[in-house]
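Chemist: Structure of the sequence below:
(2 chains)
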Amino acid sequence: MSRYRRRKVVNRTMEVVATLAALVAVTVLVIVVVSVALRGAGALSWDFFFKPQALFGQPGGGIANALVGTILLIALATAMAVPVGVLTAIYLTEFAPKRLAVPIQVVIDVLAGLPTIVIGIFVYALLVIGHTQSGYAGAVSLAIIMLPLVARATQEVLLLVPSTLREASLALGVRRWRTVVGVILPSSVGGILTGTLLAVARAAGETAPLLFTSSIFANTVQTDVTKPLPNIPVLIFTYSEQADPALHEQAWAAALVLMGFVLIASLGAKALLARSRKRLAG
Amino acid sequence: MTFTMAPVIDVAQARREAGPVQREVVFDIQDLAVNYGRATTAISGVDLDIYRNLITAVIGPSGCGKSTFIRCLNRMNDLVPGAKIDGKILYLGEDLYGQGVDPVEVRRRIGMVFQKANPFPKSIYDNVAWGPRVLGMKQDLDERVEKALTGAALWGEVKDRLKKNALSLSGGQQQRLCIARAIAVEPDVLLLDEPASALDPIATSAIEELMHELKRDYTLVIVTHNMQQAARVADLTAFFSLEVDETRRSGVLVEYDATDKIFTNPSDQRTEDYVTGRFG
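Modeler: Below is the predicted model:
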């Protein structure tokens, strides 16, 4: 077989292998989505969204309390993680001298890779032992998960802002901080929102840290963050361990809701990013 | 502070207006050298004076340190990591690189327009108004914006669409917007780093005409690789060249004189070779 033929065959084979791999990845995802939908869709109803969990042993009930709790937890965590994450990214890209930026970067990357159960146990030791489980402890652990994601995403969009814009502002005799606030942040706000949404999507489904910090909750709507807040991931976890098949179905339905939320958040993030790219390009 | 005109300027002025003229020295540059890192010397041994309300052009082949030179005048090189500046630049008698001099304040008084038009991704109005607003010149902002845009010969073209995004303007309009943005904060000097190199001839001539207007109120320094442009707009021209010997290469100032003299009767052979197109 000539070399030419051989190279052609190798090329063709690799193309097929790569295509198959992509198909496998998509198939797995489709199977997950479809199986969750099939098992959970039956339990979806208005009551499911607007009624709190049923009392033990009683039929019906919904996830309203967990929905409210998850929204509260995420809102709190976002309020903590976004300012710190964005400011960290601003420091790293706009102010930090190289010898400081490199180690901080490493720390952030390590934090991003930290197993969430480690974060959970850390917050448990810090805020739960000696007190009780609480919404804010849960929010702190989620914020720790979100922080590196927000910082990373922000950093990437800040680096996309052309250096000529920085020069233009500095050449006017404007201070660096005002340059950041007036020129750099407005051109990257879309990207920052994108990163935030992705971090929110990620935190929404985190279970391990909440098991430590906000898992023993009432089956009524709870908005007091000093008490454990009901939340969807822990609800899915506990329902799936029950004997009652109706609760299993509710667990699947809750998983479907969570998945839908992550999907919407990701699509929203994508749209925002596209918009901000367009804005910078004119 | 005023100085009697240096002889070089007599030549330029003699052809334009008779009689003795006194010109204030804005920049007194003494033995300026810039190094990037340890290995690279961008320019060395530059001595020259820049006079008020004149246009001084800096010409020379690529890599001779023209941009490095002009960026020293408003301390933009501070932003380049590793850049080291030696020698002295006196701005109205004060050492620009002296202790306690705030580079932000320097840039406030010495504005700059860049090679590539770099308007902010904001509206036309906000591009001009943002600088004054941030710097606390908030009174009569509308008038200030109009004045700056008029000064940059752009008002007529944009007065009906001030709220439009600046990036929707053409390249030449964007560059004039950048000039408007720079003059809106009322600097003392305007540095232009190849302001027309990315523009077509019509937009270029608009910018050149504008420079003649601006000269009444500002001191202008322009870097250009276009010799005809220097000949058309500048009163004084500095010719930089690249000097290469065994150990190092560095941009040097070869000749600084009235523009007419540089282009018609240069004293240095290297200048003559360059302006007659024999190299560069």
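
Chemist: Check the offset of stretch B:256-274 from the chain's centre.
Modeler: Centre-to-centre, stretch B:256-274 and its host chain are 20 Å apart (C-alpha atoms, centre = their mean, to the nearest Å).

Chemist: again, but for stretch A:54-64
Modeler: That offset, for stretch A:54-64, works out to 28 Å (C-alpha atoms, centre = their mean).

Chemist: what comes into contact with it?
Modeler: Under the contact criterion C-beta atoms under 8 Å, 6 or more residues apart in numbering or on different chains, stretch A:54-64 has outside partners A:45, A:47-53, A:219, A:221, A:232, A:235, A:246, A:250, A:253-254, A:257. For every residue, glycine as well, the C-beta is placed using N, CA and C.

Chemist: and residue 208, what does it touch?
Modeler: As the question left the chain open, I've gone with chain A. Taking C-beta under 8 Å, 6+ apart as the criterion, residue A:208 is in contact with A:115, A:116, A:117, A:119, A:120.

Chemist: hm, I was asking about chain B
Modeler: Residue B:208 sits next to B:196, B:229, B:232, B:233 when contact means C-beta under 8 Å, 6+ apart.

Chemist: What are the contacting residues of the helix or strand the second one falls within?
Modeler: In this case it means residue B:229. Counting by DSSP states H and E, the element that carries residue B:229 is helix B:227-233. Defining contact as C-beta under 8 Å, 6+ apart, one finds that helix B:227-233 is touched by B:55, B:57, B:59, B:196, B:204, B:208, B:211-212, B:222, B:224, B:237, B:259, B:263, B:274-275.

Chemist: Using CSV, write out every CA atom in the very next helix or strand once past it.
Modeler: Proceeding N to C from helix B:227-233, the next assigned helix or strand is strand B:236-244, under DSSP H and E. Output of strand B:236-244 as CSV, limited to C-alpha atoms (Å, rounded to 0.1, in the frame of the first residue of the first chain):
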residue,chain,number,x,y,z
LEU,B,236,10.0,71.4,12.8
THR,B,237,11.1,67.9,11.9
ALA,B,238,13.3,65.5,13.9
PHE,B,239,14.8,62.7,11.9
PHE,B,240,15.5,59.5,13.9
SER,B,241,17.5,56.7,12.6
LEU,B,242,18.7,53.3,13.8
GLU,B,243,22.3,53.1,14.6
VAL,B,244,23.8,49.6,14.6
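
Chemist: Would you mind trimming the contacts of stretch A:54-64 to those in range of chain B?
Modeler: When contact is defined as C-beta under 8 Å from any C-beta of the partner chain, these do not meet chain B at all.

Chemist: Which entries within those meet the buried criterion?
Modeler: With burial judged by 16 or more other C-beta atoms under 10 Å in any protein chain shown, the buried subset of the contacts of stretch A:54-64 is A:48, A:51, A:52, A:53, A:219, A:221, A:232, A:235, A:250, A:253, A:254, A:257.

Chemist: Roughly how far does the fifth one sit from residue A:275?
Modeler: According to C-beta to C-beta, to the nearest Å, residue A:219 and residue A:275 sit 41 Å apart.

Chemist: quick one: buried residues of the helix holding residue B:229?
Modeler: For helix B:227-233, burial by neighbour count (16+ other C-beta under 10 Å) applies to B:227, B:229, B:230, B:231, B:232, B:233.

Chemist: tell me the phi and psi of the closest residue to chain B within the stretch 101-250 of chain A?
Modeler: Closest to chain B within the stretch 101-250 of chain A is residue A:173: 2.5 Å, counting by C-beta to the nearest C-beta. Here is the backbone geometry of residue A:173 (degrees, to the nearest 10): phi 80, psi 30.

Chemist: quick one: contacts for it?
Modeler: Taking C-beta under 8 Å, 6+ apart, one finds B:104, B:105, B:106, B:107, B:108, B:109, B:111, B:131, B:135, B:185, B:187 in contact with residue A:173.

Chemist: So among those residues, which ones count as buried?
Modeler: Buried by 16+ other C-beta under 10 Å: B:104, B:106, B:107, B:108, B:111, B:131, B:135, B:185, B:187, out of the contacts of residue A:173.

Chemist: Closest one to chain A out of these, please.
Modeler: Nearest to chain A out of the buried ones among the contacts of residue A:173 is residue B:108 (C-beta to the nearest C-beta; 2.5 Å).

Chemist: Dihedrals phi and psi, that closest one?
Modeler: phi -70, psi -40.

Chemist: From residue A:271, how far off is the nearest residue to it once chain neighbours are set aside?
Modeler: Spatially, and ignoring its direct neighbours in sequence, residue B:108 is nearest to residue A:173 (2.5 Å; C-beta to C-beta, 6 or more residues apart in numbering or on different chains). Distance, residue A:173 to residue A:271, by C-beta to C-beta: 37 Å.

Chemist: Kindly state the beta-bridge partners for residue B:89.
Modeler: Here residue B:89 sits in beta bridges with residue B:29, going by DSSP bridges.

Chemist: For chain A, what's its nearest residue on the stretch 151-280 of chain B.
Modeler: residue B:167 (3.2 Å).

Chemist: what about that residue, how many neighbours?
Modeler: The number of residues packed near residue B:167 is 17, by other C-beta atoms under 10 Å in any protein chain shown.

Chemist: Then the one 3 residues further on?
Modeler: The burial count assigned to residue B:170 is 13, neighbours taken as other C-beta under 10 Å.

Chemist: Who are the contact partners of the closest residue to it other than its chain neighbours?
Modeler: Distance criterion C-beta to C-beta, 6+ apart; nearest residue to residue B:170, sequence neighbours excluded, is residue B:203 at 7.4 Å. Shown in contact with residue B:203 (C-beta under 8 Å, 6+ apart): B:170, B:171, B:172, B:173, B:175, B:196.

Chemist: What separation do you get for residue B:203 and residue B:169?
Modeler: 11 Å.

Chemist: Verify the contact between residue B:71 and residue B:85 for me.
Modeler: No. Using C-beta atoms under 8 Å, residue B:71 is not in contact with residue B:85; the gap is 10.0 Å.

Chemist: Quickly list what's touching both of the two.
Modeler: residue B:77.

Chemist: Give me the more crowded residue out of the two.
Modeler: In this view residue B:71 and residue B:85 are compared by other C-beta under 10 Å, and residue B:71 has more residues nearby, 26 against 20.

Chemist: For the more buried one, give me the pLDDT.
Modeler: The per-residue pLDDT reported for residue B:71 equals 92.

Chemist: okay, now the residue nearest to it when sequence neighbours are not counted: neighbour count?
Modeler: Nearest residue to residue B:71, sequence neighbours excluded (C-beta to C-beta, 6+ apart): residue B:77, at 4.8 Å. Neighbour count for residue B:77, taken as other C-beta under 10 Å: 20.

Chemist: again with residue A:114
Modeler: For residue A:114, using other C-beta under 10 Å, the count is 13.

Chemist: which ones are touching residue B:144?
Modeler: Applying C-beta under 8 Å, 6+ apart, the residues near residue B:144 are B:128, B:129, B:132, B:137, B:184.

Chemist: which element is the third one on?
Modeler: Per DSSP H and E, residue B:132 falls inside helix B:124-134.

Chemist: do you know how far residue A:138 is from residue A:212?
Modeler: Distance, residue A:138 to residue A:212, using C-beta to C-beta: 9 Å.

Chemist: Pull the number of nearby residues for residue 83.
Modeler: The chain I'm using is chain A. Burial of residue A:83 is recorded as 11 neighbouring residues (other C-beta under 10 Å).

Chemist: that's the wrong chain, I meant chain B
Modeler: For residue B:83, the count of nearby residues is 18 (other C-beta under 10 Å).

Chemist: Just the pLDDT at it, thanks.
Modeler: 85.

Chemist: That one touches residue B:33, doesn't it?
Modeler: No. Look at residue B:83 against residue B:33 with C-beta under 8 Å: they stay out of range, at 11.1 Å.

Chemist: Show the pLDDT at residue 156.
Modeler: Unless you meant another one, I'm taking chain A. For residue A:156, the model assigns a pLDDT of 89.

Chemist: Actually, chain B is the one I wanted.
Modeler: pLDDT recorded at residue B:156 is 88.
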